[in-house]
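J.: for reference, the sequence and a predicted model appear below.
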Amino acid sequence: MTERPFVFINSAMSADGKISTKERKQVRISGRKDFDRMDSLRASSDAIMVGIGTVLADDPSLTVKSQGRKLERKQAGLEENPARIVVDSKARTPLDADILIKGEGMRIVLVSRSAPADRIEKLREKATVVCAGDDEVDLAAAMGKLKAMGMKRLMVEGGATLNWGMLSAGLVDEIYTFIGNLVIGGRTAPTFVDGDGFPEKEILKLDLLGAERMDEGILCRWKVLPEP
Ligand SMILES: NC(=O)c1ccc[n+]([C@@H]2O[C@H](COP(=O)([O-])OP(=O)(O)OC[C@H]3O[C@@H](n4cnc5c(N)ncnc54)[C@H](O)[C@@H]3O)[C@@H](O)[C@H]2O)c1
Ligand SMILES: Nc1nc(=O)c(N)c(NC[C@H](O)[C@H](O)[C@H](O)COP(=O)(O)O)[nH]1
């Protein structure tokens with residue numbers, strides 16, 4: 001097996017498992033405490049990764065928000081923000097995306113060999129471009145490259161398709177799911193994990209490491225069990 005970072009997913013979903021509306025519009029699911037917990041996870045990571053779908057839908061900055069945590073990182077000789085990574089097969093990340101323009105720290109765009117050369121060239125002015133895979137990003141190969149770049153702890157912040165890509169490739173160690181007190185509904189609204197789904201015999205099993213009431217919802221921490 002290729003060496004890779006310790007990988008965990010953090011996701012916030014409604015009581016019916018949706019992570020945004022059917023229009024892919026962001027909904028505030030987490031409360032203040034959960035956002036603060038997420039910020040602490042960000043600050044403790046070497047890198048934070050999202051899919052291009054999330055960049056195009058939400059335009060997140062993925063920066064550490066707490067001044068105290070930013071200071072602690074500085075004092076430890078780190079940059080204020082962990083490296084921010086977009087999984088972007090065709091190099092579609094807008095050059096004015098918040099992830100590329102807000103806050104200090106390294107930016108990495110993971111592309112595939114099918115990405116147009118002119119887009120790669122433009123992105124190179126703002127980010128480190130790493131290529132893995134032919135048509136879409138080969139996530140396992142990408143993880144090996146990130147480890148070689150010194151990334152030991154990687155936080156994945158969605159969305160639904162990237163979560164599937166990482167879980168189905170066996171690249172995730174732990175999952176944090178925050179389940180909020182709302183029902184979004186809609187058969188096409190993104191869920192925590194979309195993609196093709198596992199065949200019945202390969203359904204992924206988890207071990208519940210912890211559960212606690214948080215804000216108006218519940219936070220669960222799961223360990224992904226190896227395939228039997
Ligand atoms: N509530 C939450 O915690 C949360 C967090 C993040 C995103 N979201 C929501 O998720 C939605 C976006 O999710 P999405 O599924 O459309 O996009 P996504 O962010 O999961 O990005 C998926 C894209 O990544 C690219 N990709 C490249 N290689 C891949 C691979 N090997 N496997 C998987 N993807 C690969 C593909 O272009 C793919 O379409 C938005 O509506 C956003 O609001 C919610
Ligand atoms: N944990 C979480 N709870 C939510 O209620 C919610 N809507 C998201 N959505 C994830 C999404 O991608 C967000 O846009 C980024 O979490 C924003 O990150 P920034 O503030 O820009 O750093 N995530």
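T.: Sure, I can see it. Numbering: from 1, shown residues only. Ligands and ions are numbered 1, 2, ... in the order given.
J.: drop to CA atoms for contacts and neighbour counts, all remaining ones
T.: Noted.
J.: who's in contact with Ile99?
T.: 55, 59-62, 84, 107 (C-alpha atoms under 8 Å, 6 or more residues apart in numbering).
J.: just those residues: which are in strands?
T.: 84, 107 (DSSP state E).
J.: of the contacts of Ile99, list those near ligand 2.
T.: 60-62 (C-alpha under 6 Å from any ligand atom).
J.: count of residues packed around Asn96?
T.: No Asn there; residue 96 is Asp. 11 (other C-alpha atoms under 10 Å).
J.: now it, what's its secondary structure?
T.: Secondary structure for Asp96, judged by DSSP: H, G, I helix; E, B strand; the rest coil, is coil.
J.: contacts only, for the residue nearest to Val224 when sequence neighbours are not counted.
T.: Leaving aside its chain neighbours, Val224 sits nearest to Leu206 (4.7 Å; criterion: C-alpha to C-alpha, 6 or more residues apart in numbering). Residues near Leu206 by C-alpha under 8 Å, 6+ apart: 222-225.
J.: this protein: strands as residue ranges?
T.: 6-13, 47-51, 83-87, 107-111, 128-131, 153-156, 174-179, 206-214, 217-224.
J.: Val193: which of these is closest?
T.: Closest to Val193 of the strands of the chain is strand 6-13 (C-alpha to C-alpha; 9.8 Å).
J.: need the residues of this protein near ligand 2, please.
T.: Counting by C-alpha under 6 Å from any ligand atom, the chain sits next to ligand 2 at 11-12, 26-30, 54, 58, 60-63.
J.: hang on, the earlier thing: what's the closest of the contacts of Leu206 to ligand 1?
T.: Ranked by distance to ligand 1 (C-alpha to the nearest ligand atom), the contacts of Leu206 are led by Trp222 at 15.4 Å.
J.: hang on, the earlier thing: mark which of the contacts of Ile99 are buried, thanks.
T.: Burial by neighbour count, judged by 16 or more other C-alpha atoms under 10 Å, picks out 55, 59, 62, 84, 107 from the contacts of Ile99.
J.: max pairwise distance over these: which two?
T.: Asp59 and Arg107 (14.4 Å).
J.: give me the pLDDT value at Glu227.
T.: Note for Glu227: predicted pLDDT of 79.
J.: picking that back up, just the buried subset of the contacts of Leu206, written out for ChimeraX, thanks.
T.: To isolate the buried ones among these in ChimeraX, judged by 16+ other C-alpha under 10 Å, type:
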select :222,223,224
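J.: can you list the contacts of Leu206 in TSV and add distance to Glu157?
T.: Compiled in TSV, those are given as follows (distance: C-alpha to C-alpha, whole Å):
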residue	distance to Glu157
Trp222	15
Lys223	16
Val224	16
Leu225	20
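J.: measure the nearest residue to Met166 once chain neighbours are set aside to ligand 2 for me?
T.: Once flanking residues are discounted, Met166 sits nearest to Val172: 6.3 Å by C-alpha to C-alpha, 6+ apart. Going from Val172 to ligand 2 by C-alpha to the nearest ligand atom, to the nearest Å gives 18 Å.
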